[in-house]
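Participant: what's the 3D shape of this:
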Amino acid sequence: MYRLGMAIRPDSLPTDTAALTEMVLALDAENEKLRVAMQTLKEIIFGKRSERLAAIVVEQFALDLGDLATGVTPPAPANDDAPAAKLSGRPAREKARRNIGALPKHLPRCEQVLEPDRTACPCCQGQLHKIGEDVSEVLDVIPAILRVLRTIRPKYGCRSCTDGVVQAKVLPRLIESGMASTALVTHVVVSKFAWYLPLYRQVQILAGQGVHLDRGTLAGWVKRAAWWLKSLYELQLRTIQASPRVFCDETPMPVLDPGRRRTRICQFWAHAMDDRPWGGPSPPAVAYVFADGRGTDEIAGQLAGFAGILQVDGYAAYKALARGRGAIQLAFCLAHARRKFVEVYKTTRSPFAHEVIERLQAVYAIEADIRGSSAEQRLAARHARTAPLMEALRARLTEMVDQLFSQSKLAEAINYALNHWDGLTLFLSDGRVEVDSNTVERSMRPIAMGRRNSLFSGNEGGAESWAILASLVNTAKLHELDPQAYLTDVLERIISGRTKSHQLHELLAWNWKAAREHTAQAAA
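Facilitator: Just a heads-up that it's a prediction; the model follows:
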């Protein structure tokens with residue numbers, strides 16, 4: 001391989017034809033890499049962020065952001081494609097989805113009756129009588145109202161005795177001798193970790209209602225809430241890691257380094273489970289773990305007792321973990337492999353990259369058809385329909401890679417797919433396995449949103465509190481619970497002692513929801 005290390009001068013050009021040919025090829029390959037890198041940077045800065053392709057045609061490169069509507073099954077992964085039948089021609093525009101029906105029945109109704117100015121007949125001046133009415137409904141809101149909750153404990157004494165005084169005990173509080181109720185602290189927590197509202201903005205909102213607090217005060221409330229909920233968080237993490245199939249991913253988390261007056265990059269690892277696509281026993285849940293780095297030691301420590309299938313991307317730490325433990329089997333993410341071909345197509349319009357994307361699109365169309373079926377049914381459909389497609393794709397990749405310059409982006413995408421082929425096709429031998437790791441990637445979005453709004457975590461303690469509270473809040477959202485109602489009730493039960501340490505499993509989001517539904521059905 002001819003190496004280009006400095007500017008080429010006429011006197012340094014080789015006279016041999018073979019050497020000149022090698023130099024030209026090397027220059028062409030280097031130019032291609034530079035063009036791809038430049039185009040990629042332009043896409044990152046100015047382009048759309050999703051690589052999901054509803055259809056790829058020469059005349060139009062469209063990105064479809066719509067989600068598949070599902071019932072009890074989860075929404076289609078963020079990288080799922082439309083069915084293969086829709087590939088030809090211009091993609092049809094989806095009909096706009098509008099809620100033009102009645103508003104939810106569970107919401108309270110506040111009636112506003114508008115009477116006419118006069119109820120006398122304009123002709124004979126007789127009294128008019130009601131012959132009907134028109135009713136319309138609009139969704140209204142009452143902004144959050146701050147109030148002072150005054151607790152009064154009367155004392156009762158006996159006039160005949162000296163020891164006959166009785167009084168109710170003080171209720172345990174989240175923050176002893178503090179000014180905040182459990183509901184207010186929960187409101188701060190949920191606003192930050194569910195709706196990504198930084199504490200300094202919440203301070204400004206409270207100031208608008210005449211309550212002036214320091215951001216450090218709210219940070220103290222958040223830390224105290226995390227302290228009370230740590231045991232529940234650890235139980236949720238253990239429950240996820242006890243599952244035979246776990247999704248895992250990691251993302252950077254800047255943490256303030258006070259001694260150096262700057263931030264240092266740490267990591268949030270996410271562990272998730274979700275058996276809804278095949279009706280399995282594991283409910284949707286996610287637990288985040290804060291760590292100093294993203295090496296093999298960190299993930300090995302977190303999954304010390306895990307044995308089963310780990311659904312991940314192609315990061316080297318997972319491969320090293322699997323090599324050290326025979327009990328762990330890696331299922332790689334097909335969306336990550338496809339993403340590399342999408343990047344090539346965006347920058348070079350390669351016909352072969354287009355072909356690969358279309359082939360993978362057909363695989364995702366099959367997955368959309370069988371989503372919600374049992375593991376056995378999914379496995380049978382994959383054997384009959386998907387396995388031939390994947391085998392044909394592998395043959396095409398193997399055939400093409402020998403014809404490409406080894407350092408080209410297309411060759412890198414092909415080599416990535418072939419080098420990870422066993423893990424990418426593990427779903428063909430196990431109906432429980434998903435084709436990608438989008439389950440955990442979707443759970444990383446709340447962390448990214450919070451990180452973007454907050455910029456960094458105050459310190460390691462703040463990052464650990466973030467992991468605890470974000471785990472519980474986002475799992476509640478996965479179960480379509482109101483995070484405010486859920487977290488308030490959980491905290492009150494733990495603080496009051498109504499739920500003992502050996503009963504914490506009752507407060508896991510899926511168990512809490514089931515208990516509420518059972519109570520509602522019994523009362524009906």
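
Participant: Tell me where this protein has strands.
Facilitator: For the chain, the strands defined by DSSP state E occupy 53-56, 61-63, 155-156, 166-167, 245-257, 262-273, 285-291, 308-312, 328-332.

Participant: For the ones you listed, state which one has the densest average packing.
Facilitator: Using mean count of other Cβ atoms under 10 Å, the stretch among those with the largest mean neighbour count is strand 285-291, at a mean of 24. Using the backbone N, CA and C atoms, a C-beta is placed for each residue, glycine as well.

Participant: helices or strands next to that one in the packing?
Facilitator: The contact analysis (3 or more Cβ pairs under 8 Å, 6 or more residues apart in numbering; DSSP states H and E) places strand 285-291 against helix 215-241, strand 262-273, helix 296-302, helix 438-454, helix 460-478.

Participant: Which one of the ones you listed lies nearest to residue 366?
Facilitator: helix 438-454 (16.0 Å; Cβ to Cβ).

Participant: That closest one packs against which elements?
Facilitator: helix 182-193, strand 245-257, strand 262-273, strand 285-291, helix 460-478.

Participant: switch the cut-off to 7 Å
Facilitator: Packed against helix 438-454 by the contact rule (3 or more Cβ pairs under 7 Å, 6 or more residues apart in numbering; DSSP states H and E) you find strand 245-257, strand 262-273, helix 460-478.

Participant: Reformat the ones you listed as TSV; add mean pLDDT and distance to residue 45.
Facilitator: Below are the helices and strands packed on helix 438-454 laid out as TSV (pLDDT from 0 to 100; distance: least, Cβ to Cβ, whole Å):
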stretch	mean pLDDT	distance to residue 45
strand 245-257	90	19
strand 262-273	91	21
helix 460-478	93	28
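
Participant: what would the strands of the chain look like in TSV with distance to residue 452?
Facilitator: As requested, the strands of the chain are exported to TSV (distance: least, Cβ to Cβ, whole Å):
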stretch	distance to residue 452
strand 53-56	25
strand 61-63	21
strand 155-156	53
strand 166-167	50
strand 245-257	11
strand 262-273	14
strand 285-291	16
strand 308-312	24
strand 328-332	28
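
Participant: what's the closest of those strands to residue 485?
Facilitator: strand 285-291 (18.3 Å).

Participant: shaky segments in the chain?
Facilitator: 1-12, 43-44, 46-101, 455-456, 458 (pLDDT under 70).

Participant: for it, which residue is closest to the average position?
Facilitator: Computing the C-alpha centroid of the chain and ranking residues by Cα atoms, centre = their mean puts residue 443 first, at 2.0 Å.

Participant: hang on, that one packs against residue 271?
Facilitator: No - when contacts are counted by Cβ atoms under 7 Å, residue 443 is not listed as touching residue 271 (9.3 Å).

Participant: wait, what's in contact with residue 443?
Facilitator: Contact analysis of residue 443 by Cβ atoms under 7 Å, 6 or more residues apart in numbering lists 270, 272, 286, 474.

Participant: Which of those sits closest to residue 111?
Facilitator: The shortest approach to residue 111 among the contacts of residue 443 belongs to residue 474, at 37.6 Å (Cβ to Cβ).

Participant: need the contact list for that closest one.
Facilitator: Residues counted as contacts of residue 474 (Cβ under 7 Å, 6+ apart) are 286, 443, 446.

Participant: Quick check: it vs residue 108, distance?
Facilitator: In this view, residue 474 and residue 108 are 28 Å apart by Cβ to Cβ, to the nearest Å.

Participant: again with residue 25
Facilitator: Distance, residue 25 to residue 108, by Cβ to Cβ: 74 Å.

Participant: More neighbours: these two, which one.
Facilitator: residue 25 (13 against 4; other Cβ atoms under 10 Å).

Participant: so can I have JSON lines of the helices and strands packed on strand 285-291 showing distance to residue 195?
Facilitator: Shown next, in JSON lines, are the helices and strands packed on strand 285-291 (distance: least, Cβ to Cβ, whole Å):
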{"stretch": "helix 215-241", "distance to residue 195": "14"}
{"stretch": "strand 262-273", "distance to residue 195": "18"}
{"stretch": "helix 296-302", "distance to residue 195": "28"}
{"stretch": "helix 438-454", "distance to residue 195": "9"}
{"stretch": "helix 460-478", "distance to residue 195": "9"}
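
Participant: and of the strands of the chain, who's closest to residue 232?
Facilitator: Smallest distance to residue 232 across those (Cβ to Cβ): 10.6 Å, for strand 285-291.

Participant: what lines up beside the closest one in the sheet?
Facilitator: strand 262-273 (antiparallel) (DSSP bridges).

Participant: The strand it pairs with to strand 245-257, inter-axis angle?
Facilitator: Calculated by axes from the mean of the first three to the mean of the last three Cα atoms, to 10 degrees, strand 262-273 forms an angle of 160 degrees with strand 245-257.

Participant: between strand 262-273 and helix 215-241, how big is the angle?
Facilitator: Strand 262-273 runs at 40 degrees relative to helix 215-241, counting by the same axes, to 10 degrees.

Participant: so how far is strand 262-273 from its chain's centroid?
Facilitator: 14 Å (Cα atoms, centre = their mean, to the nearest Å).

Participant: contacting residues for the closest residue to the residue nearest to the centre of the chain other than its chain neighbours?
Facilitator: Once flanking residues are discounted, residue 443 sits nearest to residue 286: 4.1 Å by Cβ to Cβ, 6 or more residues apart in numbering. Taking Cβ under 7 Å, 6+ apart as the criterion, residue 286 is in contact with 270, 272, 443, 471, 474, 475.

Participant: Could you dump those into TSV with distance to residue 487 added?
Facilitator: Supplementary listing: these in TSV, determined by distance: Cβ to Cβ, whole Å:
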residue	distance to residue 487
270	20
272	20
443	18
471	12
474	12
475	11
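
Participant: Which of these sits closest to residue 378?
Facilitator: Residue 378 lies nearest to residue 272 out of the contacts of residue 286, by Cβ to Cβ, at 19.4 Å.

Participant: Check whether residue 255 really touches residue 457, as I assumed.
Facilitator: Yes - using Cβ under 7 Å, residue 255 is in contact with residue 457, at 5.0 Å.

Participant: Now for the two: what residues contact both?
Facilitator: residue 463.

Participant: Restricting to C-alpha, output stretch 254-272 in CSV.
Facilitator: Coordinates of each C-alpha in stretch 254-272 appear next as CSV, following Å, rounded to 0.1, in the frame of the first residue of the first chain:
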residue,chain,number,x,y,z
PRO,A,254,-20.7,15.0,31.7
VAL,A,255,-20.1,15.4,35.4
LEU,A,256,-18.7,18.5,37.1
ASP,A,257,-15.2,18.2,38.4
PRO,A,258,-14.9,20.9,41.0
GLY,A,259,-11.2,20.6,41.5
ARG,A,260,-10.4,21.3,37.9
ARG,A,261,-13.3,23.7,37.3
ARG,A,262,-14.5,21.7,34.3
THR,A,263,-16.5,18.6,33.5
ARG,A,264,-15.3,15.1,32.9
ILE,A,265,-17.0,12.6,30.8
CYS,A,266,-18.5,9.7,32.6
GLN,A,267,-21.2,7.2,31.4
PHE,A,268,-24.7,6.1,31.9
TRP,A,269,-25.3,2.5,31.2
ALA,A,270,-28.9,1.4,30.5
HIS,A,271,-30.3,-2.1,31.2
ALA,A,272,-33.7,-2.9,29.9
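
Participant: what's that stretch in contact with?
Facilitator: Against stretch 254-272 from outside (Cβ under 7 Å, 6+ apart): 237, 240-241, 246-253, 285-294, 299, 302, 439-440, 443-444, 447, 456-460, 463, 467.

Participant: one more time with 6 Å
Facilitator: Outside stretch 254-272, the residues that touch it by Cβ atoms under 6 Å, 6 or more residues apart in numbering are 240, 246-253, 286-289, 291-292, 294, 439-440, 443-444, 447, 456-459, 463.

Participant: Likewise for stretch 191-199?
Facilitator: 202, 215, 218, 449, 450, 453, 454, 469, 470, 473, 483.

Participant: what do you get if the cut-off is 8 Å, keeping everything else the same?
Facilitator: 188, 202, 215, 218-219, 222, 446, 449-450, 452-454, 466, 469-470, 473-474, 477, 483 (Cβ atoms under 8 Å, 6 or more residues apart in numbering).
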